[in-house]
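Undergrad: this one's sequence-less:
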C-alpha cells in the first residue's frame, strides 16, 4: 500500500515537472530578449530585498527583548549590510533601463528617486554613527517592505502581459497601498541617517566636513521637505488610477461610430491617428508623409509632425485647404459605423444614407423675464458691464492675456446691444451641457436653443429647468411623441440622443427642423482620450451636412490655446521680450539647468515664409494631452477653414485655459494651473468668465462683416482665421512654451503652499546645524 502511494506520488511529481518545463519553455518562447532580461533583473532584485527583509525582521525579533526596540533597530544594518549594498546599488540599472527605453519610466524622475536612495546608502555605509541609530533600521525595513512586492509585481506584470488586470490581486494591492505607511517611515529613517552622517567624523573625513554638513544637514532635508508631499500625492493618484482600471467594466460591444480594427485585432487609435495625418500631409508633401508613416513612438513624437503639417499649410492658401480636405476625407474613410444588427460600413458610407428611424421633437418656451440687452461678464466675484468691462478688457489687452482683436470684438459687443437680442436667433449646441458651451448665456439672452446631448435624465432635468426659467426656448430630440410624456420625469428620461450611435439620425432631424430659420451650429461636446476624436468626427459630419445643405448656416468652435496656431507678429515680439526678462531670473535658470533644457523652452519661433508673407506660429501643444486630443482639435480646424472657403461664416476663436472639472480632475494640470500665473501674462479663468467672453466674441463674428470669420474678409492664409480674436489667456505671449512650464508651475504651487511652514523649517534646520557645529 505504502509502495503504491509512493509510486503515484513520484509519478505526480514527474508530471508536474514536465508540465512546468513545458510552461517555462512556452513562456520563454513567447517573450522577447528584453522581457526575459527584465524578468531576471526584477527577480534577482526581489530575492535580494527579500533576504534584506528577512534578515532585518530576524534581527528585530531576536534583539528586541534584550536591547529594546530602538537598540534592535540599530543592529539591523550590521546584520544585512552586504546584501543591502548589492540590492540598492543594483537599482542604478533602473536609470539605464529608462534612458535606453527598456521601461517607460521618465529618466529624470527615476534618477531622482534612485539618487536619493544612493545618497542615503552612502551615508549609512561610511558613517558609523548613522548605522548605529534606530532610524537606520526603520529606513532599511521600510525600503525592503516596499521593494519586495514592487519587484514581484513587475515580474508578474511582464509574465501576465497586463499590469492592471492580470497580476495577482494581493500583489497588486500591496504595490499600490504599502506606500501610505512605508513612504513616511522611510523618509523619517532617511532623514535620521542624513543628520547623523552630517555630524559623523569619519564621514566628514572621507567626503569633507563642509560637504557633509551642506548636503546632508541642509540641502537634502530641504529637497525632502518640498519633494516628499509631491511624491506621496503622486502615488495616491497612481493608486486611484490603477484601482479604477482594475475594476473597470469591460467595454460594451461596438456600436455606432468606432475606431477601425487595427493589425493587432483591436480598435486602437495610434495607427489610424497616424494614417489621417499622413494622408493630410501627402496631399502637399509626399516626402514628409513617408516620414510620418515610418514614425516610431507616436505617443511622444506626434508634435513634430503636426508642426510640419502646419508649416506646409502656410506655403499657400491652396495647400492649407488641400491638407484639410485630405485629412477629413481619410477620417471618414477609415472610421467605421456599426449598426444595431452588427453590420459594419465606413463612416463615410453611413453618412450617405438617410436614417430609417426618426426623432420626435420636444419644445419648451421659458417664462422668465427677458433681461436687458447688456453684455455682462462674471469675473472674480463681480459682474462687469459697460465702462467697467471696457476697462477690464483694456487691462487684459495691455497685460497680454488676450489679443487686441479679441478686446475690440468684446467692446463692439458692448457698444451694439442689439446684437444681444437673440429672440429670433437659432443656435444648435452639439454638447449643450458642456462646461465651456454658451448654453447659460444664450438662455439668459432669450435665444432659441436646439440642444443635442446624451440621453441621460439628469442632463435634461438641468437643461430644461434652466430653459423654463429663462426668456428663451429649448428644442430637443425625444424618443416618443411629446404627448406620451405624462410628466417631467418621463420627459427627462426620453429626451436626448447619442452622437456616436445616432449620428445620421441626428443629422436628418436637424436638416428638417425649422426649415425657414438660419442655424448657428456650435461643436462643444468633449470627451477624454480616443473618444474625443470620435465625438469630434460625429459633430463634424453634422456640421458638414448642415453647412452645405441648409442655406445661411454658420459654424462655431472653441479652439484650445494648447494647439498650434498662427499668431500676430505683435504676440511673437511680446513673447521674445518676456523671454529676455525671464531667462535672467534665478529660478528659471535653475529649472533649465536641472532639466537639461527640457523645462522652460523658448516660445517664440522663427517665422515661416509662404504666399502672403511671413507667418508666426506658436506651439501650444501639451504632449501629455496626447495625439488624440490634438487630432480632434485639428479636425475642427480643418472643417472651419473648408466651410469658410465655401462661403460659410465660421466663428472659431481661441478660448483661455479654464478651470473646468474635466481639466482639474487631472491633479497635475490642477497644480500647474495654480502656479502658471507666475509666468506673465498667464491668467487661468473660471468657466463662467470663459463662457461669457467667448459668447461675446461669437456674437461679434456673427454680426460684424469685418470679422475674420466672415468669408468676405480677406486673409493671407485660411489658417489666419485662428489668428484673430484670440482670448488665449497668455499662451501666445508667454516667454516659454506651455508644455515646458508645467513642472515649474507645479513647484511654484507647492512652494506657495509651503510658505507658512518655511520659517519653522528654516529655524529647525538652523537649530540642528548649530547643534551639529557645536554652537548649542
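TA: In hand now; what should we look at? Remember, predicted model here, so these are calculated numbers, not experimental data.
Undergrad: list the residues that contact residue 132.
TA: 74, 77 (CB atoms under 8 Å, 6 or more residues apart in numbering). All C-beta spots, glycine's among them, are computed from the backbone N, C-alpha and C.
Undergrad: neighbours of residue 552, how many?
TA: By other CB atoms under 10 Å, 11 other residues sit near residue 552.
Undergrad: model confidence score at it, please.
TA: In this model, residue 552 is scored at 96, pLDDT.
Undergrad: quick check, it in contact with residue 516.
TA: No. Between residue 552 and residue 516 there is no contact under CB atoms under 8 Å: 10.0 Å.
Undergrad: what's the first helix or strand after the lengthiest helix in the chain?
TA: In the chain, assigned by DSSP state H, the helix with the most residues is helix 33-74. Proceeding N to C from helix 33-74, the next assigned helix or strand is helix 76-89, under DSSP states H and E.
Undergrad: name the residues that touch that following helix?
TA: Contacts for helix 76-89 (CB under 8 Å, 6+ apart): 45, 48-49, 51-52, 55-56, 58-60, 117-118, 121, 124-125, 131-132, 136-137, 140-141, 143, 147.
Undergrad: re earlier: what packs against the longest helix of the chain?
TA: Other elements packing on helix 33-74 under the criterion 3 or more CB pairs under 8 Å, 6 or more residues apart in numbering; DSSP states H and E are helix 76-89, helix 134-160.
Undergrad: which of these sits most buried?
TA: Greatest average neighbour count among those goes to helix 134-160 (a mean of 22), per mean count of other CB atoms under 10 Å.
Undergrad: run the chain-centre distance for the next helix-or-strand element following that one.
TA: The helix or strand immediately downstream of helix 134-160 is helix 169-175, counting by DSSP H and E. Helix 169-175 has its C-alpha centroid displaced from the chain centroid by 27 Å (CA atoms, centre = their mean, to the nearest Å).
Undergrad: pLDDT of the helix or strand that comes right after helix 169-175, averaged?
TA: Going down the chain from helix 169-175, the next helix or strand is helix 179-198, by DSSP H and E. Here helix 179-198 scores 93 as its mean pLDDT.
Undergrad: any idea how far helix 179-198 is from the middle of the chain?
TA: On the basis of CA atoms, centre = their mean, helix 179-198 sits 33 Å off its chain's mean C-alpha point.
Undergrad: then stretch 562-574?
TA: 23 Å.
Undergrad: contacts for it, please.
TA: 306-307, 310, 314, 400, 403-405, 559, 604-605, 607, 614-622, 625, 630, 633-634, 637, 654, 657, 681, 717, 719-720, 722-723, 726, 731-733, 738-739.
Undergrad: one more time with 6 Å
TA: Applying CB atoms under 6 Å, 6 or more residues apart in numbering, the contact partners of stretch 562-574 are 306, 310, 400, 604, 615-616, 618-622, 633, 719-720, 722-723, 732-733, 738.
Undergrad: take those and keep only those in strands.
TA: 615-616, 618-619 (DSSP state E).
Undergrad: most neighbours out of those residues, which is it?
TA: Result: residue 618 is most packed of the ones in strands among the contacts of stretch 562-574 (other CB under 10 Å), 26 neighbours.
Undergrad: and the residue most central in space within the chain, how close does it get to residue 178?
TA: What sits nearest the mean C-alpha location of the chain, by CA atoms, centre = their mean, is residue 625, with 4.0 Å. Residue 625 sits 32 Å away from residue 178, taking CB to CB, to the nearest Å as the criterion.
Undergrad: likewise for residue 372?
TA: Distance, residue 372 to residue 178, using CB to CB: 61 Å.
Undergrad: with neighbour numbers in mind, choose between those two.
TA: Legend: neighbour count by other CB under 10 Å for residue 372 and residue 178, higher for residue 178 (17 against 9).
Undergrad: so what's that one closest to, chain neighbours aside?
TA: Spatial nearest neighbour of residue 178, chain neighbours left out: residue 146 (5.8 Å); criterion: CB to CB, 6 or more residues apart in numbering.
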